[in-house]
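# Just a sequence and a predicted model for now, questions to come.
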Amino acid sequence: KWIQKLRYNRKLRQMDDMWRMMGGSCFGLFPPSFYMRHTPEEIQRRKKEELDKLKAMLEEFKEKNGL
């Protein structure tokens, strides 16, 4: 059983590595393994959290630079 788990985790790491090599980090919010390990509700929650962080950073930048 643990060997199957190791193989599965290795496969997910390989998917993520390929995603990064193809420039996926520029176009995707999370690597492919994230979507395979989390439920749709968790994905939506994390996506909202990350986008809220980015919006806050943008607002801070605008205030700091008078935009």
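Structure's in. What do you need?
# the bottom helix or strand of the chain by mean pLDDT?
Using mean pLDDT, DSSP states H and E, the weakest-scoring helix or strand in the chain turns out to be helix 24-27, at a mean of 70.
# What's the first helix or strand after that helix?
helix 32-37 (DSSP states H and E).
# Can you tell me what sits against that next one?
12-13, 15-16, 19, 24, 43 (Cβ atoms under 8 Å, 6 or more residues apart in numbering). Where C-beta positions appear, they are placed from N, C-alpha and C, glycine not excepted.
# got it, and stretch 45-57?
So stretch 45-57 is in contact with 29-30, 38, going by Cβ under 8 Å, 6+ apart.
# Distance from the helix of greatest length in the chain to the middle of the chain?
Longest helix in the chain by number of residues, with DSSP state H as the criterion: helix 40-65. Its chain's C-alpha centre and that of helix 40-65 lie 13 Å apart, by Cα atoms, centre = their mean, to the nearest Å.
# Give me the buried positions along that helix.
For helix 40-65, the buried set under the neighbour-count rule, 16 or more other Cβ atoms under 10 Å, is empty.
# Okay, buried residues for the helix or strand where residue 16 lies please.
Using DSSP H and E, residue 16 sits within helix 2-21. Neighbour counts over helix 2-21 (16+ other Cβ under 10 Å) mark 12, 16, 19 as buried.
# How many neighbouring residues does the nearest residue to residue 13 once chain neighbours are set aside have?
Leaving out its chain neighbours, the residue that sits closest to residue 13 by Cβ to Cβ, 6 or more residues apart in numbering is residue 33, at 7.3 Å. Using other Cβ atoms under 10 Å, residue 33 has 17 neighbouring residues.
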